[in-house]
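>>> Based on what follows, work out the 3D shape:
(2 chains)
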Number of protein chains: 2
Amino acid sequence: MITGKNYIGNQLKASGTTTHKTVNPKLNMQNPTDFYQATLEEVNQAVVLADSAFKVYRKVSGEKRAEFLNAIADEILALDTELIDMYMSESGLPEGRAQGERGRTVGQLRAFADLVAKDQWRNVTIDQAIPTRQPLPKSDLRKTSIPLGPVVVFAASNFPLAFSTAGGDTASALASGCPVIVKSHAMHSGTGELVASAIIKAAEKTGMPNGVFSNITGSGRVVGSALVKHPKVKAVGFTGSIAGGRALYNLGAQRDEPIPVFAEMGSINPVVVLPNVIKNKAAETASTYAGSITVGTGQFCTNPGLLLTIAGADTDAFVKDLAEKTVAIAPQCMLHPNIKDGFVSNAEVVSSQPGVQVVGQITATVEANFAASTICAVSGAEFLANPKMHTEVFGPFSLVVKAKDQAELLDVIDHLDGQLTGTVLAEKEDFDALPAVADALQAKVGRIIFNGVPTGVEVCESMTHGGPYPASSDSRFTAVGLGAIKRWVRPFSFQDWPTELLPTELRN
Amino acid sequence: MITGKNYIGNQLKASGTTTHKTVNPKLNMQNPTDFYQATLEEVNQAVVLADSAFKVYRKVSGEKRAEFLNAIADEILALDTELIDMYMSESGLPEGRAQGERGRTVGQLRAFADLVAKDQWRNVTIDQAIPTRQPLPKSDLRKTSIPLGPVVVFAASNFPLAFSTAGGDTASALASGCPVIVKSHAMHSGTGELVASAIIKAAEKTGMPNGVFSNITGSGRVVGSALVKHPKVKAVGFTGSIAGGRALYNLGAQRDEPIPVFAEMGSINPVVVLPNVIKNKAAETASTYAGSITVGTGQFCTNPGLLLTIAGADTDAFVKDLAEKTVAIAPQCMLHPNIKDGFVSNAEVVSSQPGVQVVGQITATVEANFAASTICAVSGAEFLANPKMHTEVFGPFSLVVKAKDQAELLDVIDHLDGQLTGTVLAEKEDFDALPAVADALQAKVGRIIFNGVPTGVEVCESMTHGGPYPASSDSRFTAVGLGAIKRWVRPFSFQDWPTELLPTELRN
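Purely as a prediction, here's the structure:
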């Protein structure tokens, strides 16, 4: 059923000649389909269609947009095992993860459908006229939120469903009234095409304008750059590396008309392990964190890549136990040979810095694209002095920093880059230290977690999945949770506007 | 009382040697005080102080911040005639305007005080834990809004009080919990120093940390650039020209850590005059608009610089009447010789384009910095073909476009740049045309006004003062109204955090 073509609106097109194939990392071989990179003319067609669809789609009622989103969820489920099999063949991830991620994707679509069906998300305010006010009468002012226009979404490598073609960025943008053009991820173009076909079917079944969705394929930077630079594109969503996100952010900022590029990028997600946890709960904590470090082969943006402790004999024993438990978990497949290469070389960079001790590492030969989990340790002073140790190692890797005391631990936090999350593990006896740790973390992260793990990002109103740069390109927004819709809308005011011409949510 | 020095926190400093003087435009002569441009070391001191003040100020309660804002308002009022006289001597604006703008400034400070005293502006949401959820328990998640960090505010030339030292940007940033460093406007540095002294007094009286406010002087781009590039600065607010705003936006985007630069820039504020208004209410409309075009010597960002009409004999008569009434209003002083020069040259650029007819212009010799109000007219086709006519002429100038029909009028709107406002003047008989006009305007502006004038920006919850680029650098925010606080805050989530350590607004 896979054609390897682009969806330019509801038409499959492939007039170009540049192709790529996806890879089955478990088998370490290419999958059969040739995917055709969109030509610049096809890119332009997709954007022009999106712009013309916007004129209609921005006025489609919330109820109808909810129908569309729910229909996308239905069509994704109808792809059934074809989608699950394709997902596994392009990601190396197991069936349970594929099903779980599909459930999350469908759940996100339905959550945004519920949000916009009721039209109460628009942050509506009404200030009624005061004609008798002195010295000047007050006008009637009413504010709502309106969609920005066509949005380009870059699919993420590490969530082929939940942060990709019909993932959180697409769901929130379509919910807001913005057409979406997805730049499909080259590592899972087949999964992307299947999901795109589901969106196109849903759009046709629910009567959405052609161009409300397009799916663009390509393996280099050419089509992505062309999309971000196109004058009719009004916003961009991205999940991925700092280098990729920053390049797109720069393109957005350099346009004649700058546009918002929301990029959710790297994070090492510091976890502060306070002394009494190590004293009272070392074994349990080591087991929990061995699991969190290796889950999904460590390929989560919330993977705990940095554990901050206070040095001591108990801490050394804890780190050794953590390393043994991590290494004892069977190695798992990574998403793609390139991801594996990046993991190996970044882990090597950090482990080879002076003062870094490799406490545990899988040393047996692993299969081609499988990852050898690694736990390293270093002193606080050495970590502070060496920015290379602050680099994200995307995969099952964690660096334990052993600060000499609480003050040095706080100093380490103060010197971190921006992060998605910060976690504190504490016992009652550690509570005196908590406010200072929480203050330091708050300046650096978007979400703090108490006695838990950063992996696992709940989709709900109160979630913040973002944070100071480089965790995201704009800490004022979130990529996960219902608040994600705010990235794609702007406030709009009506002054003394006739009631019968106001949008329904602004009438008395 | 004026020293010409910078406030680096609560200390007056002037270790540099570069100075400038302000100009009294009515007298066309310099005022006496030498203002000392801050040295780069002083700029750095101000930012370092702001960063250290932030660690305290971000945790100051909403009630205490409200006290601070109200104290600023009180201290500004206590400056009494000294402030009013200084304002007039540096702006050429009349006493009534000075008093009105002071009232607005004080009103804004008190409105933000009321907003944050109650701590209900933080968009708090609470998702309680569901420990029994399958397959995984749900964590307790609570979201609030926290301040970004030190904010740099660039004072505007055209509102020496309401958009300057203690204007809307400063009031909203201080309200949110961000320290503020003002780059004082070189044209009204004396007014700026007086207001800065009021803020410093208020900070001391209400026990705010030193560094919560600084006032930096300088006449070129050096200190402004240094402020925006400083790594400890986390956001910027600006009101002024497209060239100035875009330059700062670029600096913000090019930093290692990019920061949001909210720039409210130029706008020509199109006014659509539908045919039956010209038929039924031509004289009244001409009088109202002659007033709106010339109020404040046309130096408002919401000045109606573009009137869109449908061609015809009635329209010609209306334009002639509008021109006569505009020219009949006595010429007024502009803010500064540079502003006058810009007005003359930009008005000349637009009026000299092929097809543009100067319908009315004050031809008598005006005083040195006074403006000769001008009304021009052009056909829709010529306007569409010539982007030079779309340029903002800052001052009492308006261009009337005579479209050949409704379709051409809509085409003209579709070809405009982003605008702060769009206005529609319509009679009942014009209502059929309204939805199409409103749709076209909505894509281009932040606020639409029915049967009114765009000048006069109400400070209330439902105001949007922003719009698509270049009206603002980010249409998702507003510079006026209580929503302005959202520019300076980010969402922050607590997961399973102990109740006793949560901020008060997040407790059950």
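>>> residue ranges of the strands in the stretch 301-450 of chain A, please?
A:306-310, A:357-361, A:374-379, A:397-403, A:419-425, A:445-450 (DSSP state E, counting those that start in this stretch).
>>> and the first one, what does it pack onto?
So that's strand A:306-310. Other helices and strands packing on strand A:306-310, by 3 or more CB pairs under 8 Å, 6 or more residues apart in numbering or on different chains; DSSP states H and E, are strand A:270-273, helix A:275-294, helix A:313-328, strand A:397-403, helix A:406-414. For every residue, glycine as well, the C-beta is placed using N, CA and C.
>>> Go ahead and name everything in contact with the third one.
Translated: helix A:313-328. Under the criterion CB atoms under 8 Å, 6 or more residues apart in numbering or on different chains, residues A:273, A:275, A:278-279, A:282-283, A:285-287, A:289-290, A:293-294, A:307, A:309, A:359-362, A:373-375, A:377, A:396, A:398, A:400, A:402 lie in contact with helix A:313-328.
>>> Let's see that with 7 Å instead.
A:278-279, A:282-283, A:286-287, A:289-290, A:293-294, A:309, A:359-362, A:373, A:375, A:377, A:400, A:402 (CB atoms under 7 Å, 6 or more residues apart in numbering or on different chains).
>>> tell me the angle of that helix relative to strand A:306-310?
Between helix A:313-328 and strand A:306-310, the angle comes out at 160 degrees (axes from the mean of the first three to the mean of the last three CA atoms, to 10 degrees).
>>> average pLDDT for helix A:313-328?
Averaging pLDDT along helix A:313-328 gives 98.
>>> Strands along the stretch 51-200 of chain A, start to end?
A:125-127, A:141-147, A:151-154, A:180-183.
>>> Quickly compare those and say which is most buried.
Highest mean neighbour count of the strands of the stretch 51-200 of chain A: strand A:151-154, a mean of 29 (counted as mean count of other CB atoms under 10 Å in any protein chain shown).
>>> Reformat the strands of the stretch 301-450 of chain A into a markdown table and put mean pLDDT and mean neighbour count next to each item.
A markdown table is the format used below for the strands of the stretch 301-450 of chain A (pLDDT from 0 to 100; neighbours: other CB atoms under 10 Å in any protein chain shown):
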| stretch | mean pLDDT | mean neighbour count |
| --- | --- | --- |
| strand A:306-310 | 98 | 25 |
| strand A:357-361 | 97 | 17 |
| strand A:374-379 | 98 | 24 |
| strand A:397-403 | 98 | 25 |
| strand A:419-425 | 98 | 27 |
| strand A:445-450 | 98 | 26 |
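>>> Could you tell me how far the closest residue to A:Ala403 other than its chain neighbours is located from B:Leu40?
If the residues on either side of it in the chain are set aside, A:Ala403 comes closest to A:Gly380, at 3.5 Å by CB to CB, 6 or more residues apart in numbering or on different chains. Distance, A:Gly380 to B:Leu40, by CB to CB, to the nearest Å: 33 Å.
>>> Comparing those two, which residue is more hemmed in?
Comparing A:Gly380 with B:Leu40 by other CB atoms under 10 Å in any protein chain shown, the one with more neighbours is A:Gly380, at 21 against 12.
>>> wait, isn't that one in contact with A:Gln406?
No. Applying CB atoms under 7 Å as the test, A:Gly380 and A:Gln406 come out as separate, 10.5 Å apart.
>>> What are the boundaries of the helices in the stretch 1-150 of chain A?
Counting by DSSP state H, counting those that start in this stretch, the stretch 1-150 of chain A has helices at residues A:40-57, A:62-91, A:95-117.
>>> nope, the stretch 351-500 of chain A is what I meant
Assigned by DSSP H, counting those that start in this stretch, the stretch 351-500 of chain A shows helices spanning A:380-385, A:406-414, A:434-442.
>>> Could you export these to TSV, including columns for mean pLDDT and distance to A:Ile72?
Below are the helices of the stretch 351-500 of chain A laid out as TSV (pLDDT from 0 to 100; distance: least, CB to CB, whole Å):
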stretch	mean pLDDT	distance to A:Ile72
helix A:380-385	98	45
helix A:406-414	98	41
helix A:434-442	96	37
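>>> Make a markdown table from the ones you listed and add distance to A:Val233 to it.
Below are those laid out as a markdown table (distance: least, CB to CB, whole Å):
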| stretch | distance to A:Val233 |
| --- | --- |
| helix A:380-385 | 41 |
| helix A:406-414 | 38 |
| helix A:434-442 | 34 |
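>>> mean confidence score for stretch A:202-209?
Computed over stretch A:202-209, the mean pLDDT rounds to 98.
>>> I meant to write stretch A:179-190 there.
98.
>>> distance of A:Met347 from B:Ile310?
Met isn't right for residue A:347; it's Ala. Taken as CB to CB, the span from A:Ala347 to B:Ile310 is 69 Å.
>>> quick one: A:Asn70 and A:Ala113 touch, right?
Yes. Applying CB under 7 Å, one finds A:Asn70 in contact with A:Ala113, separated by 4.9 Å.
>>> Among the two, which residue is more densely surrounded?
A:Ala113 (23 against 19).
>>> wouldn't the more buried one be in contact with A:Ala66 here?
Yes. Using CB under 7 Å, A:Ala113 is in contact with A:Ala66, at 3.9 Å.
>>> show me what contacts A:Lys118?
A:Gly62.
>>> what's the distance between it and chain B?
16 Å (CB to the nearest CB, to the nearest Å).
>>> ok, and the closest non-adjacent residue to A:Leu274?
A:Asp430 (3.8 Å).
>>> count of residues packed around the one you found?
Neighbours around A:Asp430, by other CB under 10 Å: 19.
>>> near chain B, which residues of the stretch 151-300 of chain A?
A:Tyr249, A:Ala253, A:Glu257, A:Pro258, A:Pro260 (CB under 7 Å from any CB of the partner chain).
>>> ditto for the stretch 301-450 of chain A
Going by CB under 7 Å from any CB, the residues of the stretch 301-450 of chain A near chain B are A:Leu434, A:Pro435, A:Ala438, A:Gln442, A:Gly446, A:Arg447, A:Ile448, A:Ile449, A:Phe450.
>>> The last one touches B:Ser493, doesn't it?
When you say that, I think you mean A:Phe450. No. Applying CB under 7 Å, one finds A:Phe450 not in contact with B:Ser493, separated by 11.6 Å.
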